[in-house]
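[1] 3D, please:
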Amino acid sequence: MAQEDGFKILADNRRARYQYSVEDTLECGIALQGTEVKSMRHGKFSFSDSYARIINNELILVGFHISPYAFGNLFNHEPDRNRTLLVHRQEIKRLKRKVDEKGFTLIPLKFYLKKGKVKLLLGICKGKQVQDKRQAIKKRDQQREAARELKVRF
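    Numbering: from 1, shown residues only. Below is the predicted model of the structure:
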């Protein structure tokens, strides 16, 4: 959990950047209940298989799991419910056009705290083919090798 310029990063989805090529990003708020916020602050959530969909002109986060808060007792939340993402109506229309026409997918890339509020960086992504993934691995290995060579020389 890193701290950068008023942001506290709760989690980063590195696997998404490997499986998808990120075309654009969008910062969203999340409509959460009280115990959900407390669980997220403790890092008790999982979003490996989650994605966003547009249902009835609302942006919904599907497949996002927040574990019940340990001290929440009677007031605890349902762990696997769909959560509404807070975005301007114009942004939802723009996203709907991209998803419908061009075949993009909405994937959560990063969860963080900003001024005490839980925020989500939503990626507008396209799936990578197997050869694209191989190219990414090859490029990363070449960069690692070049950095190793520079380190040895200096």
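
[2] and the longest helix seen in the chain, what other elements does it pack with?
    In the chain, assigned by DSSP state H, the helix with the most residues is helix 130-153. If you count contacts as 3 or more C-beta pairs under 8 Å, 6 or more residues apart in numbering; DSSP states H and E, helix 130-153 packs onto helix 14-19. For the C-beta atoms, the positions are set from N, CA and C on the backbone; glycine is no exception.

[3] which secondary structure elements does the helix it packs on contact?
    strand 105-114, strand 117-127, helix 130-153.

[4] and these as a markdown table, adding distance to Arg83, mean pLDDT and mean neighbour count?
    Shown next, in a markdown table, are these (distance: least, C-beta to C-beta, whole Å; pLDDT from 0 to 100; neighbours: other C-beta atoms under 10 Å):
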| stretch | distance to Arg83 | mean pLDDT | mean neighbour count |
| --- | --- | --- | --- |
| strand 105-114 | 11 | 92 | 20 |
| strand 117-127 | 9 | 90 | 19 |
| helix 130-153 | 30 | 85 | 10 |
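
[5] These into TSV, with extra columns for distance to Gly29?
    Listed next are these as TSV, based on distance: least, C-beta to C-beta, whole Å:
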stretch	distance to Gly29
strand 105-114	9
strand 117-127	6
helix 130-153	31
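
[6] quick one: furthest residue from the center of the chain?
    Going by C-alpha atoms, centre = their mean, the residue of the chain most distant from its centre is Arg153, 38.9 Å out.

[7] So, low pLDDT: which residues of the chain?
    Applying pLDDT under 70 to the chain flags residues 1-5.

[8] Recalculate using a threshold of 50.
    Of all residues in the chain, none has pLDDT under 50.

[9] number of nearby residues for the nearest residue to Ile54 once chain neighbours are set aside?
    Excluding the flanking residues, the one nearest Ile54 by C-beta to C-beta, 6 or more residues apart in numbering is Lys96, at 5.0 Å. Lys96: 13 surrounding residues under other C-beta atoms under 10 Å.

[10] my read: Lys96 touches Arg53, true?
    No - using C-beta atoms under 8 Å, Lys96 is not in contact with Arg53; the gap is 10.1 Å.

[11] residues touching Asn76, list them.
    Neighbour list for Asn76: 35, 68-69 [criterion: C-beta atoms under 8 Å, 6 or more residues apart in numbering].
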